[in-house]
Structure formats: C-alpha cells, structure tokens
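Student: Predicted structure and sequence below. I'll ask about it afterward.
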Amino acid sequence: MAKKFGAVLEIENTAYRIIKDKILNFDYRPGFQLKEIPLSKELNLTRTPIRKAIVQLANDGLVKTYPHRGAFVATLSDNEVEEIFEVREALEVKAASLVIRRASREELDHIRSALKKREASLSRTKPKYVIPEIDFHQELIKLSKNSILISMWMGLHTKLQLIRIQSSMRGRRFLEAMKEHGTILSCIYENRPAETEALLRAHIQNAKPDLHRPAPKE
C-alpha cells in the first residue's frame, strides 16, 4: 500500500514539475488555458494528477482559475507586481544587512564563483535569459540565516520567476542585472551596508520598468 501511495505521489509531482517548467520556460504563455484532456494526452498522464497539479500551481500563483471557465496561466496585474516588489524590496534589503553580519567568506565565495561561471558561459553564446542554476537573490536570502525571512521570501519566489519570464529580461536587461549583482556582492564583501542597501534598492527598482505583460484572457 505504501509503495502504491508513493508511486501516486511521484506521478503527481511529475505532472506538477512538467507543467510548472513549461510555464516558466514560456512554453505555456500567460492566458494559456490548461485543459485536462489535452494536457493528459500531451504528458501521457491521467487527468487526476493533471487536475491536482493545476490546483497546486494555482496555490503557487502561477495559475488562475475561474468558475465555469477553467484554469489559465496567470498574468499578474500591474498592482500585483507592484505589491510583490514592495515586499521583495523590504525583505531583500533586510536580508542583505544580515548577510553582511552573518555570512562567511566561503559562502560569499560560492556566490561569486557562480556569477563568474554564468558570465563566462554567456560570453560564449548569444545572450538569452534562462532561469540560472543559482539565483543570486535567493542565495542572499538564505545567507541571512533568518528562517522566517527565508520562508516569507520563498513564498514570493515562484511569482518572481513568473515576472522575470514575462518581462523583457528576455532581452538585454538581464545582462545589466548580472553586473549589478557583482557590484552588490562586492559591497557585501567589503562590509559597506549603506552602499549595499542603496545599490540593492536601485537594482530592484530597475527591474520594474522592463515588465511587458500580455493582457490576460479573462
């Protein structure tokens, strides 16, 4: 029984991961309707794990459901984006101040190494935004070593990914953002809290004008 239950959970997790990846990779664009039958055929899964995955994705904020109409890939309103960025800025500024006090040199070196590796990789290919293996902001949040702050930020993380994918980060803004990441990290290394805060606030604000979201299909 336990083995069967585990297999069911694995199938449900598979459906969730596949659909989520397709949304974040822009295969399912904002406003795209998630219909159980076509998805079950496409993914070669029964409708039950598809249905549960859609419910979970709605809880994540990646999908919006409408009575008698169905489920659609979410398009965040300007007001929602503004509220998300307000909370994000407050959390990340506080996290950065904690990182300066709590992070070890080795932990910061890990982030710096990942940034350099990504920069080197992009220098050999045509610039194109993809979700990086290491998320600079998420790593800083973790290094705050404040479990409540981490939990609050992670609640925003999926929506932040959706915003990035739907924005002109698909253009060249992400290259500028990478340079800003390096500058912010250098200030943290050098124990300059005021400058770190100012740069981080500017960095977060710089991301908002690049948002170009399609109108939702409601």
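Tutor: Sure thing, it's come through.
Student: what helix or strand is residue 71 on?
Tutor: Element membership of residue 71, judged by DSSP states H and E, is strand 70-73.
Student: can you map out the helices along this protein?
Tutor: Secondary structure of the chain (DSSP state H): helices at 2-24, 36-43, 47-60, 78-102, 105-123, 136-143, 147-166, 173-189, 193-207.
Student: closest to residue 71 out of those helices?
Tutor: Closest to residue 71 of those, according to CB to CB: helix 47-60, at 5.0 Å. Using the backbone N, CA and C atoms, a C-beta is placed for each residue, glycine as well.
Student: what's in contact with that closest one?
Tutor: 8, 11-12, 14-16, 19-20, 23, 34, 36-37, 39-40, 43, 63-65, 71, 158-159 (CB atoms under 8 Å, 6 or more residues apart in numbering).
Student: repeat that for 6 Å
Tutor: Applying CB atoms under 6 Å, 6 or more residues apart in numbering, the contact partners of helix 47-60 are 11-12, 15-16, 19, 34, 36, 39-40, 63, 65, 71, 158.
Student: Widest-spaced pair of these?
Tutor: Farthest pair in the contacts of helix 47-60, by CB to CB: 40 and 158, 23.3 Å.
Student: give me the number of residues near residue 164?
Tutor: Using other CB atoms under 10 Å, residue 164 has 21 other residues around it.
Student: mind checking how far residue 28 is from residue 87?
Tutor: 26 Å (CB to CB, to the nearest Å).
Student: More neighbours: which of those two?
Tutor: More neighbours surround residue 28 than the other of residue 28 and residue 87, with 20 against 13 (other CB under 10 Å).
Student: Verify the stated contact: that one with residue 22.
Tutor: Yes: applying CB atoms under 6 Å as the test, residue 28 and residue 22 come out as touching, 4.7 Å apart.
Student: returning to that earlier point: can you tell me which of the helices of the chain is most buried?
Tutor: Greatest average neighbour count among the helices of the chain goes to helix 136-143 (a mean of 21), per mean count of other CB atoms under 10 Å.
Student: how about the residue nearest the centre of the chain, what does it touch?
Tutor: Ranked by distance to the mean C-alpha position of the chain (CA atoms, centre = their mean), the top residue is residue 161 at 2.5 Å. The contact partners of residue 161, taken as CB under 6 Å, 6+ apart, are residue 24.
Student: Number of residues surrounding residue 104?
Tutor: Neighbourhood size, residue 104 [other CB under 10 Å]: 9.
Student: thinking again about what came up before, residue 138 versus the residue nearest to the centre of the chain, what's the distance?
Tutor: According to CB to CB, residue 161 and residue 138 sit 10 Å apart.
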